[in-house]
Every structure is written in C-alpha cells, then in structure tokens.
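*Asks:* Sequence and computational prediction follow.
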Amino acid sequence: MTATATRLLLAALVFPALFVQAQQDAFRVWKSTDGKTVEAAFLGVEGASVKIKGRNGAIFSVPLERLSADDQTWAKAQAASAPAAAPTGAAGNSESPAADAAWPKSLSIADKPQVTVVMEDEKAKKFVYRSPHYEFECDSKLGANVVREFGRMFEATYLLNCKLPLDLRPKPEPLREFFLAKLYTNQEDYLKEGGMPGSAGVYQRGQKALSVPLKSLGVKMVGSRVSIDQADDDANATLIHEITHQMMNHWLAKLPTWFIEGSADYTTLPEYFPTGRFAWTGLRKRLEGYALQKNRFEQGAFKMLDIQELMEIKGGAWAAALTLKVKAPNVVGGEASQSSQNYGSAALLTYFFYHHDDKGDAAHVIAWLRELETAERGFDAKALIEKHLMRGRSYAQLADEVKKGLNKAGIDVEFDPPGKNPATSDSN
C-alpha cells in the first residue's frame, strides 16, 4: 500500500462529538471504498468518524463513509455495544484541571501526550496534528511521534496555568475548540506571518494563534527526514511565556500591561524538564539568574522601573521599548533594548504580589482576578487595582515593601527615576 493511499484512507478532519470507548482494541484489517487496506486497532466512534490506531502508535480519525460497507457496519456495532464515556481530549469539551489551593512544588503531565493525525496533505502543504488541548498546523510533514515529543511543553504549560492557585481556567479563544499553534519550516515564512526577528515564537491575539518556527522546538528537516533535538533553555522560556499568553487570552483585555507580561515571565521561572515537568525547587537561584540577565548582566542591585511608571505603562510604550536601545556594557555589542528592564521589573513585581505581599499567599491578586472575571465593559480598572493591590498604599510605600519583599527572595533592587519608557498616545 502506497503512502498516498494510506493518507487518503487515514487522514481526515476530526468532527467534535461524543467519543465512545471501544470494547475491543485488537488490530484488524480495514478496507477503504476504493479497495485499499490498512492494519489498525479500533478505538471508537466520534461523530461521523471512526478512530483507529496504527501499528506505529499514531492515532487517526477516518470518516465512516470512506470505509467499506462491512467495516462501517462493524464499527457501528462496536460503538453501539460499548458503554458511553465522557468526552475526553478536546479542550473545548472538557473541564480544565482544578487549581491547587497552594503554590505547587512540582507538576508534570502523566505521559507523552496522545497525538492524532488530522490531515497530511502533501499537495496543499498542510499538515495538522492534535494533542489533547492543542492543534498544530504545519507546512511540513512531521508525523505523530515528533509532535508527541515537543507537544509535551505545550501540554505541560497548559497544566501549569490550570494548577496555579490564581485559578485562571485556560480555554481556547472564542470559536476555537483547541488552542492553535502554527509551525513554520522556514524562518522567512515565520517572519512574513508576523514573527519577530530572533524570537522563538509569538502569540498573535488577532489571529488567535501561536506562531512558532520549527527550529525553536528542536525540529530539524533534512529532505523528507525529520529529527528532533532538545531545544535550548532560552527558546523554551520564550515559548512558555508565549503559550501562557495564549492560555490567558480571555483575560488580556482586562489586565494591565505589566501583569500580562509579568505573569507570563513568571511561568518561565520554575525549571522546565523535557519530560513535561515543572519544578519550583531551586527557584531562588533561578530568580537570581533571571534578575542578572534582565539587569543586562550588571552586578549589584537590579535597576527596577519606577513603580508608578511600571504599573501605569501602556501597551504602545511597552512595544516601543522593544526597539529602544540603551547602553549595556556587559552585553555583546554594548547595547540592549529597554524591554529587558521592563520585563524584569514586571516579573519581579508579579513575584512580589504572588509570594511576598501581605501574608505571601497571593490572596489579594486572586481576589483581584475574581472581580476582574465578572467585570463588565467600561469597568474602572484603576479602582480595582487600588482596592486589591494598592490597598491604600502610596507608590512610595509600595516600592518600599517591594524592595523588602524581594530582598527576602535574595534580590536587591533599586528604583530608577521615571521616564525610562517613551511616552505614547496608547490609551489601552
């Protein structure tokens, strides 16, 4: 049986519906309406499709109408005799894991994520794969096994955002059943679609998708051969940051810029392991390394943005800082972007509110998020920040408490005078 014939038989769109668990999982020979055959195990029926698993472990969803009459009858009989099961695997059809009451010390996905081949169309150069909560769309054929490897990071970051006591309840963007990641073989295509030069990935809110160049995932293409190596830590950190933006897509319109970026950078602080595990052990040392990097490798106190400038910065000013160059003697080339200080300041302020404000249990941030969750359009954002985060403190008083709190975490900070970021007309 040719590869093309196999794809015609196995590759199809998965129709969202009730998944019925099969009673049998033995391998059998399936025949298509054009007489082609393939050996695979029956997993169940999902709407107008049947789920089967090939000998290599890849899972496919095949429209019943593409199967022979005998196979259609057999599959329907198996489904009818099986006990009904609750929907699983689809992000839009299942509840996210409940948040933990306390900050986790470690969390991990149970195993390699199950990956379904949705489409492999060589002519259209469109290849679609699904993990439990993500749909990966690529312009090159990767295969389920490769996607299963790098899919761990996406699924583990989803789990992390579910389990934090913030109770974020990640869910795909409106009209999407799965989170979408667009993967690009060539860097040029990634940049053409809105990726930033030198970046490992970017969440594009308007497109409701995360764009990622394959090299950031450690994927290498040599002709038709595909291999995967471990991605470097910087690429992992960028992807975890951007995946977190996607997890928080339904929050972004209500959150201030510093918290959008600070909460995303916070998720890069626990150590990530390629097996799909995050660990908070050694967090103090990692926080020190993070602060040094964002301080442009200058020893001594971290130069933090003026606290009022940080908490009131708008999206336009934040974006402008990405290309605003400042002197950085310890960085190759002697300069860096202003964004380094911005990201570091936002993450450290977020860390303070999570772990050192008041009782150090993030209770005030959580209360703020719960009220934001039900806030209607036109709500008074400043009033809610005053109520839950400032709580009658002046900016000077808050800065003093931030300095003391971060010092307990091993980070010495000094606040720069205001004016580090360019003024913009951005009103968001």
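*Replies:* The structure has been received and is ready for your questions. Residues are numbered from 1 along each chain as shown.

*Asks:* could you show me where the strands are in the stretch 51-200 of the chain, in order?
*Replies:* Ranges of strands in the stretch 51-200 of the chain, per DSSP state E, counting those that start in this stretch, are 59-63, 106-108, 116-121, 126-130, 134-138, 179-184.

*Asks:* right, so of the ones you listed, which gets closest to E376?
*Replies:* Checking the strands of the stretch 51-200 of the chain against E376 by Cβ to Cβ gives strand 179-184 as the closest, at 26.2 Å. Quick note: C-beta positions are derived from backbone N, CA and C, even for glycine.

*Asks:* would you turn the strands of the stretch 51-200 of the chain into CSV with distance to A98, mean neighbour count and mean pLDDT?
*Replies:* Compiled in CSV, the strands of the stretch 51-200 of the chain are given as follows (distance: least, Cβ to Cβ, whole Å; neighbours: other Cβ atoms under 10 Å; pLDDT from 0 to 100):
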stretch, distance to A98, mean neighbour count, mean pLDDT
strand 59-63, 27, 21, 74
strand 106-108, 13, 15, 96
strand 116-121, 26, 20, 92
strand 126-130, 24, 22, 95
strand 134-138, 20, 22, 96
strand 179-184, 19, 23, 96
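
*Asks:* tell me the mean pLDDT over the longest strand seen in the chain?
*Replies:* The single longest strand within the chain, with elements called by DSSP state E, is strand 37-46. What strand 37-46 shows for mean pLDDT is 83.

*Asks:* cool, stretch 190-198 as well?
*Replies:* pLDDT averaged over stretch 190-198 gives 88.

*Asks:* Flag every buried residue along that stretch.
*Replies:* For stretch 190-198, a neighbour-count test (16 or more other Cβ atoms under 10 Å) marks Y190, L191, G195 as buried.

*Asks:* who's in contact with Q338?
*Replies:* Each residue near Q338 by Cβ atoms under 8 Å, 6 or more residues apart in numbering is listed here: A321, L322, L324, K325, V326, K420, N421.

*Asks:* Go again with 7 Å.
*Replies:* Listed by Cβ atoms under 7 Å, 6 or more residues apart in numbering, the contact partners of Q338 are A321, L324, V326, K420, N421.

*Asks:* Tell me which of these fall in helices.
*Replies:* Of the positions in these, A321 sit in helices, assigned by DSSP state H.

*Asks:* Buried only: go through the contacts of Q338 for me.
*Replies:* Those of those that meet the buried threshold are A321, K420, N421, by 16+ other Cβ under 10 Å.

*Asks:* Quick check: of those residues, which lies closest to V212?
*Replies:* Lowest distance from V212 to the buried ones among the contacts of Q338 (Cβ to Cβ) belongs to A321, with 23.4 Å.

*Asks:* Tell me where the stretch 201-350 of the chain has helices.
*Replies:* Secondary structure of the stretch 201-350 of the chain (DSSP state H, counting those that start in this stretch): helices located at 233-247, 257-266, 283-294, 307-312, 315-321, 339-355.

*Asks:* now do the stretch 1-150 of the chain
*Replies:* 3-10, 69-81, 144-163.

*Asks:* among those helices, which is the most enclosed?
*Replies:* With neighbours defined as mean count of other Cβ atoms under 10 Å, the helices of the stretch 1-150 of the chain peak in mean count at helix 144-163, which reaches a mean of 23.

*Asks:* From the contact counts, what lies against it?
*Replies:* When contacts are defined as 3 or more Cβ pairs under 7 Å, 6 or more residues apart in numbering; DSSP states H and E, helix 144-163 packs onto strand 106-108, strand 134-138, strand 225-228, helix 233-247, strand 277-279.

*Asks:* any chance of the ones you listed in a markdown table, plus distance to E261?
*Replies:* Compiled in a markdown table, the helices and strands packed on helix 144-163 are given as follows (distance: least, Cβ to Cβ, whole Å):
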| stretch | distance to E261 |
| --- | --- |
| strand 106-108 | 23 |
| strand 134-138 | 23 |
| strand 225-228 | 29 |
| helix 233-247 | 8 |
| strand 277-279 | 19 |
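
*Asks:* mean pLDDT lowest for which of those?
*Replies:* strand 225-228 (a mean of 81).

*Asks:* ok, and what's touching that strand?
*Replies:* By Cβ under 7 Å, 6+ apart, the surrounding residues in contact with strand 225-228 are L142, G143, V146, E149, F150, G218, V219, K220.

*Asks:* in stretch 327-339, what's buried?
*Replies:* For stretch 327-339, burial by neighbour count (16+ other Cβ under 10 Å) applies to A328, V331, A336, S337, Q338, S339.

*Asks:* Out of the helices and strands in this protein, which is least certain?
*Replies:* Using mean pLDDT, DSSP states H and E, the weakest-scoring helix or strand in the chain turns out to be strand 19-21, at a mean of 36.

*Asks:* that older thread, same list (the buried residues of stretch 190-198) but as TSV, adding distance to I228.
*Replies:* Output for those, formatted as TSV (distance: Cβ to Cβ, whole Å):
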residue	distance to I228
Y190	18
L191	22
G195	20
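
*Asks:* Among these, name the ones in helices.
*Replies:* Applying DSSP H to the buried residues of stretch 190-198, the entries found in helices are Y190, L191.

*Asks:* ok, the buried residues of stretch 190-198 vs A399, which is closest?
*Replies:* G195 (36.2 Å).

*Asks:* what sits against that closest one?
*Replies:* The contact partners of G195, by Cβ under 7 Å, 6+ apart, come to V202, S211, P213.

*Asks:* Model confidence score at the last one, please.
*Replies:* It refers to P213. Listed pLDDT for P213 reads 93.

*Asks:* burial measure for it, as a count.
*Replies:* Using other Cβ atoms under 10 Å, P213 is surrounded by 21 other residues.

*Asks:* same question, the first one
*Replies:* Using other Cβ under 10 Å, the number of residues around V202 comes to 19.

*Asks:* give me the beta-bridge partners of it?
*Replies:* S211 (DSSP bridges).

*Asks:* Skipping adjacent residues, who's closest to the residue nearest in space to the middle of the chain in space?
*Replies:* Closest to where the C-alpha atoms of the chain average out (Cα atoms, centre = their mean) is I243, at 2.1 Å. Spatial nearest neighbour of I243, chain neighbours left out: T157 (4.3 Å); criterion: Cβ to Cβ, 6 or more residues apart in numbering.

*Asks:* Alright, that wraps it up for me.
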